[in-house]
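Colleague: after the sequence you'll find the predicted model.
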Amino acid sequence: MPETPSQPTRRKNNAEGDGARAARRRRRPQQYQRQDDASSATHQAQSITASLLRTKNMMSQELDRATSLNTTINDDGAMLHDAREEHEGMGGTMLGARKVMGRLGRQDVRDAVVLRCAICFYWATVAYVLWTRIKVPFLP
């Protein structure tokens with residue numbers, strides 16, 4: 001059977017068809033690769049989003065902790081301020097108490113001197129009365 005021009009054409013068409021099929025086959029992995037790339041990009045985006053949410057939550061917790069710490073520091077500062085004011089008020093009281101204690105100490109010394117003088121005066125008075133009432137020969 002002689003080859004007719006249509007048969008080689010068919011072979012060419014088949015060859016061209018085979019080439020087109022091969023090209024499609026070559027394109028399919030690229031499409032899958034694109035899908036894989038898209039899937040990988042989606043997975044990466046989800047991973048990044050999850051990471052950002054964790055970072056946001058962690059920063060929110062740190063902000064809450066810092067806020068409570070700031071509140072605690074402010075409360076402690078107010079307490080120290082009140083203690084300082086009370087101490088300053090007590091300083092005036094202590095100074096007044098120190099002055100009063102000094103006065104009381106001086107008064108105690110004065111009272112002791114007066115008491116000793118009074119005792120001496122008493123015994124001198126007793127000796128005078130005895131000397132004037134009873135004439136003791138050995139006393140002039």
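Modeller: Okay, I see it. Numbers count the residues shown, from 1 in each chain.
Colleague: Met101 and Arg110, how far apart?
Modeller: As defined by C-beta to C-beta, to the nearest Å, Met101 lies at a distance of 15 Å from Arg110. In short, each C-beta sits where N, CA and C put it, glycine included.
Colleague: ignore what I typed, I meant Ser39.
Modeller: 105 Å.
Colleague: check contacts around Met79.
Modeller: Taking C-beta atoms under 8 Å, 6 or more residues apart in numbering, we find Met79 in contact with no residue.
Colleague: any idea which helix or strand carries it?
Modeller: Under the criterion of DSSP states H and E, Met79 resides in helix 6-133.
Colleague: what is the burial count for Ile134?
Modeller: Other residues within reach of Ile134, judged by other C-beta atoms under 10 Å, total 8.
Colleague: let's see the pLDDT reported for Ala20.
Modeller: Predicted confidence (pLDDT) for Ala20: 60.
Colleague: and Ala15, by the same measure?
Modeller: So, for Ala15, pLDDT stands at 50.
Colleague: alright, I will stop here.
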